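K.L.:
Structure here, sequence nowhere to be found:
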């Protein structure tokens, strides 16, 4: 909103109506809609590709809704605050609040994107953030840093390095500041794992946050997630990388998931992120400003001087899925092309067709570590139960325990950048560095399914 | 049990004890264990690698438990049935019961395996099955056919063809018989999908069944699953391929999952199989002999003459996982090696790094269909929301809707064997042939997760 327009995005008859009532963006308004439903909240700006007949209102529960002007029986302005922009900017810089640095990397949460031009446009000024989420100014003094701006499907190990280096720099500069990374959701859990291995013995949580629906959509989850993540970055007393996202479809709380145990489990739901083979670390109620740690098993904050930064990833690792009829030539190709490591997303307890064992054996003999995980996601590999598993172990395959395939991929890439010696790689892969393995599976770690 | 030994597998002091009480396998026994727990059930045979101090008893709930002889305070025989073997064989052939043919393909359910020699030994005689699960003889006249005996990680499209052909043959011979396929769990859902596409407009359900723990282990799920599957093969009035497995960790009911919507979601739990983006078709209570259809959306049984069999799979299809840093040379390799089709397990709404789009475009231009699915498993791809998706669509990628990556892989392999024409493949991939797509996602299709 760099424009002076008091009603950005509103045009035509709708704009006429709003102007006639003295409304401008930021005003508290009341709408009575057929057949008598009352909607009260803050009038929000729109974007040019939105439906021209829709009024966007931010409800008190933090959500935006779109109201079709045709359905409006009554519209009135309750109050209009004074020049919002100036005051929020000032408040955002209120030095009595703890400093939180937000690193922008792109994705839905940091964008107003695509509606207008198809281009991704970051919304990363503290002013814009506070305008979208006024409660932020009560919690923190925000500072933003746009590191890059990409859709997260385009992340690479090189981007992980850039983010880790920035976090490291911030922690060295002032370990007391909160750190939040705004990130696309597609590969957020991979980046979380990358940071967790890169920066160990953390003095505080490093919080990744995203949105499944962009912040100018009525059903956006950006506000709850963002406020929760800022709160967690200050209040959550752990030394871990966490992913902070909606806990349910309701607008009640977020969950802080362990970065090495979380996975995007739905393509569109707001509660898509879930801990696998582990419990979330904390629940965050942003309205009540409450952060509740929900497990006794976490890495506590370390002293700043204890931080162990080892930033770097090997980009010659492949994550390969096993399936019936899997063609061993795929493994042969990776070996021929001098890949440095292979993670297999195997079946069941950690299997792949016996047809592939010769190729896998050759990979190991040529110094390429091969790690086995399971496509069931839940549970752990146990390669001693069946013949296939034992054969794979005997040719040197490294069992991935209960690590997610994606986490094993990130971990192997991180280890290989330190040293490609097979024994070192094996020892490190089997070692539980940042709780990426959970020896304590309880029966209730498996979710409850709908049984008709 | 081809041996005459009345106590197979029992030796030493334990055997002496059992003999002194007049016990033999098949007798109903009562054990009082410290500190007063009463265990009653049928004495079961053991295998030589079992703990020599353990007595195996089949409880009335169908489960086997192992009792350490050291903990036994009292042991007595309640009754011993007459020469069990002969009588059960006879009963298994009782011509008043409906015929059920069990096709053995291997896997845990059809094996007593590995404990002894490491070799997989099928347990597929009707006599053996009835001995393990006496209730079977009340339900059906069993006939068994061992098609092959492999661990399911070694299945290939060629094995799918063999199974489909056998089922086709059985249906042609006598469409009134129940058909159950005993299968390893690792890739059971792939085979279920393969059968569903191969044999459409079925006159009855085709039931796949497996076990997560072999039938001679105290915690086996084989009995409940097997009895449920035989029951479902007779009583379930649908014309679909279903997977019949434990519904919960309790020993209460099984679920019949739609073969094209089910996935193994845990490496070891008995309730590992779950419907994704769909509800199970039926609940089966084997003790009560009840089969309850739990959805209104299913394919009804067709007249036998309507059966459409088209059996054959293209084994030049690859299932490729997307990840940050994905190396496009993997796609290039598949194109160079003249693969016939590629299914991508993308991120989020159906994405992969933009770096790979050129290689994908080349694949399509060379006549290799590329199908996009999502690694979130839940939800559906929607490639119109973000730039990456739109670019992928524009180079000709076929969106997989809400199909599981594994199901899209099987479907593409099946279609390509009919015709490799790109337009035909695209039309067929987008068509909902056997309910492999679910246009009706409800909020409760996503499971409930444990939130500490």
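P.N.:
Arrived safely, thanks for sending. Just so you know, these numbers come straight off a predicted model, no measurement behind them.

K.L.:
Name all residues that make contact with residue A:24.
P.N.:
Contact criterion C-beta atoms under 8 Å, 6 or more residues apart in numbering or on different chains gives A:6, A:7, A:18, A:43, A:80 as the residues in contact with residue A:24. The C-beta positions use only the backbone N, C-alpha and C, and glycine is treated the same way.

K.L.:
State the pLDDT value of it.
P.N.:
Taken from the predicted model, the pLDDT recorded for residue A:24 is 87.

K.L.:
go on, residue A:413?
P.N.:
pLDDT, residue A:413: 98.

K.L.:
Check whether it really touches residue B:325, as I assumed.
P.N.:
Yes: Residue A:413 is within contact range of residue B:325, at 7.4 Å (criterion: C-beta atoms under 8 Å).

K.L.:
neighbour-wise, which of these two wins?
P.N.:
The residue with more neighbours, out of residue A:413 and residue B:325, is residue A:413; 28 against 24, by other C-beta atoms under 10 Å in any protein chain shown.

K.L.:
Tell me the secondary structure of that one, please.
P.N.:
When the structure is reduced to helix, strand and coil (DSSP: H, G, I helix; E, B strand; the rest coil), residue A:413 reads as helix.

K.L.:
Please name the residues that touch it.
P.N.:
A:157, A:194, A:313, A:314, A:315, A:317, A:341, B:325.

K.L.:
Farthest pair within the residues you listed?
P.N.:
The largest separation in these, counting by C-beta to C-beta, is between A:194 and A:341 at 14.8 Å.

K.L.:
circling back: just put the contacts of residue A:413 in CSV and tack on secondary structure, distance to residue A:391 and pLDDT.
P.N.:
What follows is those, written out as CSV (DSSP: H, G, I helix; E, B strand; the rest coil; distance: C-beta to C-beta, whole Å; pLDDT from 0 to 100):
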residue, secondary structure, distance to residue A:391, pLDDT
A:157, helix, 31, 98
A:194, helix, 32, 98
A:313, coil, 31, 98
A:314, coil, 27, 98
A:315, coil, 30, 97
A:317, strand, 23, 98
A:341, strand, 20, 98
B:325, coil, 30, 98
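
K.L.:
Nearest to residue B:34 among those?
P.N.:
Distance ranking of the contacts of residue A:413 against residue B:34, using C-beta to C-beta, places residue A:341 first at 51.4 Å.

K.L.:
Tell me the spacing between that closest one and chain B.
P.N.:
Residue A:341 sits 12 Å away from chain B when distances are taken as C-beta to the nearest C-beta, to the nearest Å.

K.L.:
Counting neighbours, what do you get for the residue nearest to residue A:289 when sequence neighbours are not counted?
P.N.:
Taking C-beta to C-beta, 6 or more residues apart in numbering or on different chains, and ignoring the residues beside it in sequence, residue A:289 has residue A:231 as its nearest neighbour in space, at 6.3 Å. Residue A:231: 28 surrounding residues under other C-beta under 10 Å.

K.L.:
now the one 4 residues further on
P.N.:
Burial measure for residue A:235: 18 neighbouring residues, criterion other C-beta under 10 Å.

K.L.:
Ramachandran coordinates for it?
P.N.:
According to degrees, to the nearest 10, the main-chain angles of residue A:235 amount to phi -100, psi -20.

K.L.:
Neighbour count: residue A:194 and residue A:341, which is higher?
P.N.:
For residue A:194 versus residue A:341, neighbours defined as other C-beta under 10 Å are more numerous around residue A:194 (30 against 27).

K.L.:
pretty sure the more buried one is touching residue A:162, no?
P.N.:
No: contact status for residue A:194 versus residue A:162: not in contact, 10.6 Å apart, counting by C-beta under 8 Å.

K.L.:
shared neighbours of residue A:413 and residue B:325, anything?
P.N.:
A:157, A:313, A:315, A:317.

K.L.:
ok, now which ones touch residue A:155?
P.N.:
Under the criterion of C-beta under 8 Å, 6+ apart, the contact partners of residue A:155 comprise A:105, A:184, A:187, A:190, A:191, B:324, B:325, B:353.

K.L.:
need these in a markdown table with secondary structure, can you?
P.N.:
Compiled in a markdown table, the contacts of residue A:155 are given as follows (three-state DSSP):
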| residue | secondary structure |
| --- | --- |
| A:105 | coil |
| A:184 | coil |
| A:187 | coil |
| A:190 | helix |
| A:191 | helix |
| B:324 | coil |
| B:325 | coil |
| B:353 | coil |
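
K.L.:
After the helix or strand bottoming out on mean pLDDT in chain A, heading C-terminal, what element do we hit next?
P.N.:
Taking mean pLDDT, DSSP states H and E as the measure, chain A has helix A:84-92 as its least confident helix or strand, at a mean of 40. The first helix or strand that comes after helix A:84-92 along the chain, using DSSP states H and E, is strand A:99-104.

K.L.:
name the helices or strands packed onto that next one?
P.N.:
Using 3 or more C-beta pairs under 8 Å, 6 or more residues apart in numbering or on different chains; DSSP states H and E as the contact test, the elements touching strand A:99-104 are strand A:141-146, helix A:157-173, strand A:178-182, helix A:222-235.

K.L.:
tell me the mean pLDDT for stretch A:345-356?
P.N.:
The predicted confidence, averaged over stretch A:345-356, sits at 97.

K.L.:
Measure how buried the residue in the stretch 301-450 of chain A that chain B sits nearest to is and give me the count.
P.N.:
With C-beta to the nearest C-beta as the measure, residue A:379 is the residue of the stretch 301-450 of chain A nearest to chain B, at 3.2 Å. Neighbour count for residue A:379, taken as other C-beta under 10 Å: 24.

K.L.:
List the single closest residue to it in space, sequence neighbours excluded.
P.N.:
Taking C-beta to C-beta, 6+ apart as the measure, residue A:379 lies nearest to residue B:267, with 3.2 Å between them; neighbours along the chain are not counted.

K.L.:
Name all residues that make contact with the one you found.
P.N.:
Under the criterion of C-beta under 8 Å, 6+ apart, the contact list for residue B:267 reads A:348, A:349, A:350, A:374, A:376, A:378, A:379, A:380, A:381, A:382.

K.L.:
rerun at 7 Å
P.N.:
Contacts here follow C-beta atoms under 7 Å, 6 or more residues apart in numbering or on different chains; on that basis residue B:267 touches A:348, A:349, A:374, A:376, A:379, A:380, A:381.

K.L.:
biggest separation within those residues, which pair?
P.N.:
Comparing every pair within these by C-beta to C-beta identifies A:348 and A:380 as the most remote, at 11.0 Å.

K.L.:
Between those two, which is the more surrounded one?
P.N.:
In this comparison of residue A:348 against residue A:380, neighbours counted by other C-beta under 10 Å, the higher total goes to residue A:348 at 31 against 22.

K.L.:
on that earlier part again, closest to residue A:174 among the contacts of residue A:155?
P.N.:
With C-beta to C-beta as the yardstick, the closest approach to residue A:174 among the contacts of residue A:155 comes from residue A:105, at 20.4 Å.
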